[in-house]
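Novice: pasting the sequence and the predicted model now:
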Amino acid sequence: MADRDGKIWFDGKLVEWRDAKVHVLTHTLHYGCGAFEGVRAYNTVNGTAIFRLQEHTERLLNSAKILRMNVPFTAEQINEAQKEVVRVNKLQSCYIRPLTWIGDKKLGVSPKGNTIHLMVAAWEWGAYLGEEGLKRGIRVKTSSYARHHVNITMTQAKAVSNYSNSILANMEATEDGYDEALLLDTAGFVAEGAGENIFVIKGGVIYTPDLSAGALNGITRNTVLHIAKDLGLDVVQKRITRDEVYIADEAFFTGTAAEVTPIRELDRVQIGAGARGPVTEKIQSAFFDIVNGRNAKYAHWLSKV
Ligand SMILES: Cc1[nH+]cc(COP(=O)(O)O)c(CN[C@@H](CCC(=O)O)C(=O)O)c1O
């Protein structure tokens with residue numbers, strides 16, 4: 001990732017991609033206190049636009065607030081930085097990664113007196129779980145790792161430190177030949193994927209874990225709640241057990257990177273017909289209409305760059 005042409009927004013300035021470096025004694029490298037966002041820009045029918053930019057920036061600043069990090073940039077500056085990075089790198093559709101971290105002024109657990117930094121990078125990133133996965137669905141394994149307890153790590157923060165849990169779950173699943181992991185909360189109820197929220201469909205009703213299970217309050221999850229309402233489908237947010245996923249008619253993951261990815265199998269148990277289900281296909285198609293600017297009702301969710 002480090003050796004490529006382009007520009008990165010680094011503490012208010014555009015720097016050469018290869019020069020966007022930090023010192024090895026950077027606090028966040030050692031202690032993991034930092035926050036990031038995953039955002040996408042799409043090449044819409046009206047040109048390149050960033051999807052739900054305000055919501056992502058708001059979540060980044062809320063994550064920093066939860067982590068007691070005082071980010072020295074406003075929401076407007078962070079929004080503009082993301083637009084600038086897409087523009088200056090001449091990207092039409094891309095993935096945008098803002099990251100805020102604690103600097104190298106001092107080490108020791110307490111970050112008091114240290115500097116808070118912010119960078120924004122963007123690059124082309126296709127289907128996170130594969131084009132095939134988007135169409136046919138993916139194979140998922142329930143992880144042996146539980147999702148965070150809501151009072152051990154801060155699950156509403158998209159915190160750097162939360163992702164060791166995701167990394168271990170994803171590696172365990174993929175090394176066993178699956179595409180992604182599903183994590184249960186410490187009480188054994190379904191929480192979310194290693195990098196995604198989950199939805200299941202049973203008898204025409206859509207279910208998703210309520211946020212008490214420690215899942216991130218996903219912006220794509222919220223988008224699907226709007227889509228379901230538009231389609232006249234009920235959504236129930238509740239505690240979901242792994243065997244409710246087994247006997248579901250359909251299931252899918254959502255995320256900025258994953259978009260809407262059907263799940264065809266969990267723990268070698270086929271879900272429904274073992275393919276992308278009809279309701280999932282409707283939701284996926286509505287999602288891509290929205291992000292590509294083909295649904296005027298959600299034009300306000302697209303920030304032109
Ligand atoms: C743990 C987790 N849960 C849910 C979501 C979905 O949230 P949202 O993107 O707001 O709908 C994501 C996003 N995962 C990001 C990181 C992926 C990565 O590999 O890095 C993403 O999708 O950008 C998570 O990381």
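Specialist: Alright, I've got the coordinates.
Novice: give me the number of residues near residue 297?
Specialist: 10 (other Cβ atoms under 10 Å). To be clear about C-beta, it is placed using only N, CA and C from the backbone, and glycine gets the same treatment.
Novice: in a helix, it, correct?
Specialist: Yes: membership of residue 297 in a helix is supported by DSSP: H, G, I helix; E, B strand; the rest coil.
Novice: got the contact list for residue 114?
Specialist: Remark: with contacts taken as Cβ atoms under 8 Å, 6 or more residues apart in numbering, residue 114 is in contact with 27, 102-106.
Novice: now, among those, which is nearest to the ligand?
Specialist: Here the nearest of the contacts of residue 114 to the ligand, counting by Cβ to the nearest ligand atom, is residue 102; it sits at 19.7 Å.
Novice: which non-adjacent residue is nearest that closest one?
Specialist: Nearest residue to residue 102 in three dimensions, chain neighbours excluded: residue 27, at 3.8 Å (Cβ to Cβ, 6 or more residues apart in numbering).
Novice: next: residue 160.
Specialist: Ranked by Cβ to Cβ, 6+ apart and with sequence neighbours excluded, the top spatial neighbour of residue 160 is residue 34, at 4.0 Å.
Novice: could you give me the average pLDDT of the helix or strand that contains residue 100?
Specialist: In this structure, residue 100 sits in strand 94-102 according to DSSP states H and E. Averaged across strand 94-102, the pLDDT comes to 98.
Novice: what about that strand, distance to the chain center?
Specialist: Taking Cα atoms, centre = their mean, to the nearest Å, the mean C-alpha location of strand 94-102 is offset from the chain mean by 12 Å.
Novice: hmm, that strand touching the ligand?
Specialist: No: contact of strand 94-102 with the ligand is not found when judged by Cβ under 6 Å from any ligand atom; the minimum separation is 7.0 Å.
Novice: stretch 173-180 too?
Specialist: No: on the criterion Cβ under 6 Å from any ligand atom, stretch 173-180 is out of touch with the ligand, staying 10.4 Å away.
Novice: now do the same end-to-end measure for that stretch.
Specialist: Chord length of stretch 173-180, first to last residue, is 6 Å (Cα to Cα, to the nearest Å).
Novice: quick one, phi psi at the residue nearest to residue 102?
Specialist: phi -50, psi -50 (degrees, to the nearest 10).
Novice: same thing with residue 65?
Specialist: The phi/psi pair for residue 65 (degrees, to the nearest 10) reads phi -60, psi -40.
Novice: my read: residue 52 touches residue 223, true?
Specialist: Yes: in this structure, residue 52 sits in contact with residue 223. The criterion is Cβ atoms under 8 Å, and the distance is 7.2 Å.
Novice: shared neighbours, those two?
Specialist: With contacts taken as Cβ under 8 Å, 6+ apart, residue 52 and residue 223 have residue 301 as neighbours in common.
Novice: let me see the contact set for residue 20.
Specialist: Under the criterion of Cβ under 8 Å, 6+ apart, the contact partners of residue 20 comprise 8, 10, 119, 121.
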